[in-house]
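Asks: Any chance you can model this:
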Amino acid sequence: MLKISCSALRSAAAPRSAAALRSAAAPRSAAALRSAAAPRSAAAAAQPHARLSMSPQQEHRTFYEFRTYSIRPDQNAAFLKLTNEKIHLRTAHSELIGYWTVEYGGLNKVFHIWKYDSYSQRSGVRSALALDRFWMSEYISKAIPMLASQDNEVTYLVPWSRLQRPPQEGGVYELVTFQMLPGGPALWGNAFQAAVTAHDAPGYGKLVGAFHSEFGQRNRVHALWWFESADQRAEIRHKAHTDARVVAAVRSSVVHLVSQENKLMFPCPFSPMK
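Replies: Numbering: from 1, shown residues only. Prediction:
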């Protein structure tokens, strides 16, 4: 048994001397105050929470405009025919990445991606298009009455993703959209990356690109996938459900997820990405 002497107890309980109390209560010296207020070291400043202000926009100027058009049902075939014939008037002004029709996950819709090097470039393109009499008279004047609605979104590739071509032409594309909790990539970026890259492996689909929304719905990310066919995609989905590696990554990411939607799309004949 541990024995503590009475003298030791008295010493511990004894009040501090006046000198000790004065020393404890004395204000810190100017040097000490300056030391406390000094800026953090470079190492401390590099801690993860500094990523709160980091975004793909700050790292790369190139952005991708996602456009979705809803077509009047009775005009769907006519719109696609007109676009196929006149799209060259539009691509003369800026780069088209891909143009798809939505097969599952929406009806009478088209989805297309346009690449821009800067906002000023896009502004210049829009001005030039408005002055292009062939574009306006041969396409816009005919296409606009065929549309029920138009929507767009500005996105950036996430820092760890690069835009990639599919291994071969043909096949189908799936656009998966994730609405994440507020907080941005600093909160859920790592979990999202792990979930996406777990699926981007041999025997699975091909990741074309992963994007983060800048204008449009905030805290939204997209993954664009390529598959040989809709049936292959169904087989891969079944396989993923039994892959412990994929399941673990998905479980870690869904805690940050608000909602999710997807579309299966077919590339148009004039789409650069097929």
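Asks: alpha carbons only for contacts and neighbour counts from here, please
Replies: Noted.
Asks: Now for Ala194: which residues touch it?
Replies: By Cα atoms under 8 Å, 6 or more residues apart in numbering, the residues touching Ala194 are 249-250, 253.
Asks: Quick check: it vs Tyr116, distance?
Replies: 28 Å (Cα to Cα, to the nearest Å).
Asks: got it, and Lys142?
Replies: For Lys142 relative to Tyr116 (Cα to Cα), the value is 26 Å.
Asks: With Arg237 instead?
Replies: From Arg237 to Tyr116 the distance is 33 Å (Cα to Cα).
Asks: How about Gly205?
Replies: Taking Cα to Cα, one finds Gly205 at 27 Å from Tyr116.
Asks: still on that earlier bit, so which of Lys142 and Tyr116 has more stuff around it?
Replies: Tyr116 (18 against 14; other Cα atoms under 10 Å).
Asks: Name the SS class of Phe266, please.
Replies: Here Phe266 is recorded as strand under DSSP: H, G, I helix; E, B strand; the rest coil.
Asks: Looks like it contacts Leu175 (just checking).
Replies: No: counting by Cα atoms under 8 Å, Phe266 does not reach Leu175; the two are 11.0 Å apart.
Asks: Strands of the stretch 1-150 of the chain, start to end?
Replies: Using DSSP state E, counting those that start in this stretch, the strands found in the stretch 1-150 of the chain span residues 63-71, 95-104, 109-116, 147-157.
Asks: Would you format those strands as a markdown table with distance to Val125 and mean pLDDT included?
Replies: What follows is the strands of the stretch 1-150 of the chain, written out as a markdown table (distance: least, Cα to Cα, whole Å; pLDDT from 0 to 100):
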| stretch | distance to Val125 | mean pLDDT |
| --- | --- | --- |
| strand 63-71 | 13 | 99 |
| strand 95-104 | 10 | 99 |
| strand 109-116 | 9 | 99 |
| strand 147-157 | 15 | 98 |
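Asks: quick one: which of the ones you listed is nearest Gly189?
Replies: strand 147-157 (12.7 Å; Cα to Cα).
Asks: Which neighbouring elements make contact with the closest one?
Replies: Packing partners of strand 147-157 (3 or more Cα pairs under 8 Å, 6 or more residues apart in numbering; DSSP states H and E): helix 56-59, strand 63-71, strand 206-215.
Asks: tell me which residues in that strand are buried?
Replies: 147, 154-157 (16 or more other Cα atoms under 10 Å).
Asks: residues in contact with it?
Replies: 56-57, 62-72, 75, 163, 209-217.
Asks: partners of that strand, with directions?
Replies: strand 63-71 (antiparallel), strand 206-215 (antiparallel) (DSSP bridges).
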